[in-house]
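> Model the structure of this input:
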Amino acid sequence: MALCFALSDLVRATLPQGQGWVGLVGVEPAGRAYHVLAPVDLELAWGLMRLGLLDQARELGGRPGWRYRLCPAYAPPPPRRGRPPARAFRVARQAQALATGRELLAWAARQGWWASLEDMT
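Now for the predicted structure:
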């Protein structure tokens, strides 16, 4: 059975830049299940990554033995006149979530896992 990443979960894990928070996707060792951790303190997540301890991050709500990947934050749309419309934020967030999904598929393949991304239609 293939692991299927739901785009809605990736959107939930994709947070705006500059807020001090990040999302993580954790996959169990056999590649059959995943879960999302969001929001996670960015400084703590980066510190654990630098130490090579992100996969053992119980402080973040992580599960022992699972492998974790950071979900890159999305860049909020630049203001033209005042605040951009809410739709522009949704489009930017969904675009980054889709890019993250493609990165997760490549990562899963390198791990030897069969994975897919939920169809957006």
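> Mind listing what's buried along the lowest-mean-pLDDT helix or strand in the chain?
One helix or strand of the chain scores below all others by mean pLDDT, DSSP states H and E: helix 42-50, with a mean of 81. Within helix 42-50, the residues that count as buried by 16 or more other Cβ atoms under 10 Å are 42, 45, 48. Using the backbone N, CA and C atoms, a C-beta is placed for each residue, glycine as well.
> Would you mind checking the average pLDDT for the helix or strand containing Cys4?
Under the criterion of DSSP states H and E, Cys4 resides in strand 3-5. Averaging pLDDT along strand 3-5 yields 96.
> which helices and strands does the least confident helix or strand of the chain pack with?
Where contact means 3 or more Cβ pairs under 8 Å, 6 or more residues apart in numbering; DSSP states H and E, helix 42-50 is packed against strand 21-27.
> Reformat the buried residues of helix 42-50 as JSON lines; add distance to Tyr74.
Putting those into JSON lines (distance: Cβ to Cβ, whole Å) gives the following:
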{"residue": "Leu42", "distance to Tyr74": "14"}
{"residue": "Ala45", "distance to Tyr74": "16"}
{"residue": "Leu48", "distance to Tyr74": "22"}
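> how close does the residue nearest the centre of the chain get to Arg83?
Computing the C-alpha centroid of the chain and ranking residues by Cα atoms, centre = their mean puts Cys71 first, at 2.9 Å. In this view, Cys71 and Arg83 are 24 Å apart by Cβ to Cβ, to the nearest Å.
> Kind regards, and thank you for your time.
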